[in-house]
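Asker: task: produce atomic coordinates for the following.
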Amino acid sequence: MKGFVVLFWCMAVCCGFGQSFEGIAVYHVDIEAAERMKFWGMTREFLIDDRRKDGTWADTVEITYKGGNYAALAHDDYHSLMIYRADSNRIFAFEHGWDICTVADASQDFEFALPGETPVITHSTEATAAGQPCGVVRVQWKTGSCDYYYHPFATPIDPELYLCHAHNAWYEFLSISHSLPFQIVKTVNHVSMTTYTLVAIRWQPVDDNVFALPELELQPDLIAFPAKAVMKIKR
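Answerer: Predicted structure coming up:
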C-alpha cells in the first residue's frame, strides 16, 4: 500500500500539476465501531453485516469531478448516487433504487443545523495517513468529526469552484489543501468511525451527462433532515 501511495503521488504531481482535477477518484471504505458500541456487541463485523442485510453497505465509492460538479456512486445494492450541481448549489441524493431523492442546500452545514454551533476547523501539516506524511484538516462538531488527510497538489482542485459548498466544510478544506483528500475519516460520537482511503485516480474527460438529473416532483408529506427536501422521480 505504501509503495502504491508514493507512486500515485508522483504520477499525479507530474501529470496534473497546475490543473483542476477532472476524472474519477476511487475510495475504499471501512468502518469501525466505537468502544462503547463494542461493549454492547456491535463490532465492525456487526455493523457491516447489518448494512449488508438492507443493501446499504458499500466498500467502494467512485467520485467523478468536473468543473465544480461531482457525482459519488456507492457500490451498494442500490447503486446509491449523490450529485452536487454547482449551478444550483444543491446536493441530490438518490436512494432506495433511485425512487426517492433528498435535495439539500450545500450552502448550509447540516451538522451545524442540528446542534446549532459553528464547527471548529483546525489544520496541521504534521500528520500521517496509511503510513504517509501529509496534512490534515479536522472539522469538529458536537456530534462528531471529519478529518481530511491530503498531499499538497497531488490531485489539484481549484477551491473557488466550491466557494458556496459549506456542507462538511468542503470549501474550507479545499481552500487549505488545494487538493482532493487522500483519506477521509468520519467519526460519529460514541457510535462509529468510517474511513475512506483513495486507492485509484483516473484523469479523464467527463461527459456532463454524468451530472444530469431526472425530472423530480416534491413530496410535501415526507420530512427529512434540516436543509433538505424529499422528492420522487417522475415516471
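
Asker: switch to C-alpha atoms for all contacts and neighbour counts from now on
Answerer: OK.

Asker: residues near Gln132, how many?
Answerer: 15 (other Cα atoms under 10 Å).

Asker: distance of it relative to Ser177?
Answerer: Going from Gln132 to Ser177 by Cα to Cα, to the nearest Å gives 16 Å.

Asker: in a strand, Glu126, correct?
Answerer: Yes. Assessed with DSSP: H, G, I helix; E, B strand; the rest coil, Glu126 lies in a strand.

Asker: separation between it and Asp59?
Answerer: For Glu126, the distance to Asp59 - Cα to Cα - is 28 Å.

Asker: quick one: which of the two has more around it?
Answerer: Taking other Cα under 10 Å, Glu126 and Asp59 do not tie; Asp59 has more neighbours (15 against 9).

Asker: pLDDT wise, what is that one at?
Answerer: Here, the pLDDT recorded for Asp59 equals 95.

Asker: would you confirm that it contacts Asp30?
Answerer: Yes. Between Asp59 and Asp30 there is a contact at 6.5 Å, judged by Cα atoms under 8 Å.

Asker: helix, strand or coil for Lys38?
Answerer: Assignment for Lys38 (three-state DSSP): helix.

Asker: list the contacts of it.
Answerer: Under the criterion of Cα atoms under 8 Å, 6 or more residues apart in numbering, Lys38 has no neighbours.

Asker: check the gap between it and Val199 for me.
Answerer: 28 Å.

Asker: helices of the protein, start to end?
Answerer: 2-16, 35-39, 44-53, 110-113, 170-177 (DSSP state H).

Asker: now do the second one: distance to the chain's middle.
Answerer: By that I understand helix 35-39. Centroid separation for helix 35-39 versus its chain: 25 Å, with Cα atoms, centre = their mean, to the nearest Å.

Asker: could you dump it to CSV, C-alpha only?
Answerer: Extracted C-alpha coordinates of helix 35-39, given in CSV (Å, rounded to 0.1, in the frame of the first residue of the first chain):
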residue,chain,number,x,y,z
GLU,A,35,-15.5,1.3,22.1
ARG,A,36,-18.9,1.9,23.8
MET,A,37,-20.6,0.1,20.9
LYS,A,38,-18.2,-2.8,21.1
PHE,A,39,-19.2,-3.2,24.8
